[in-house]
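J.: Sequence and predicted structure below; questions after.
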Amino acid sequence: MELLGLGVFALIGFIGLIWLLPIIIIAASNRTSGNEKLAWILAVIFISWFAWIFFLLLAPIKKG
């Protein structure tokens, strides 16, 4: 029975890590900074992983 509880705990931890992975990648990225980075992170949190895919394709929005 304890093994089942450990498996469920590991699964929840794995799902949590997968959910946090795009946020960590954006936060560590040098492609954007400041408010633009914050906007991308908020988009991932409130919209979904689609925002992370758009980040990979579009960031930075302004070249300069």
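T.: Yep, it's here.

J.: Near L58, how many residues? Count them for me, please.
T.: Other residues near L58 come to 11 when the count uses other Cβ atoms under 10 Å. Just so you know, the C-beta spots here come from the backbone N, C-alpha and C atoms, and that holds for glycine as well.

J.: any idea how far F14 lies from I26?
T.: 20 Å (Cβ to Cβ, to the nearest Å).

J.: More neighbours: which of the two?
T.: Neighbour count, other Cβ under 10 Å: between F14 and I26, I26 has more, with 22 against 10.

J.: which SS class is the most centrally placed residue in the chain?
T.: The residue lying closest to the centre of the chain (Cα atoms, centre = their mean) is P22, at 2.1 Å. At P22, secondary structure determined by DSSP: H, G, I helix; E, B strand; the rest coil is helix.

J.: Give me the pLDDT for it.
T.: Note on P22: pLDDT of 86.

J.: In terms of helices and strands, where is T32?
T.: Taking DSSP states H and E as the definition, T32 sits outside all helices and strands.
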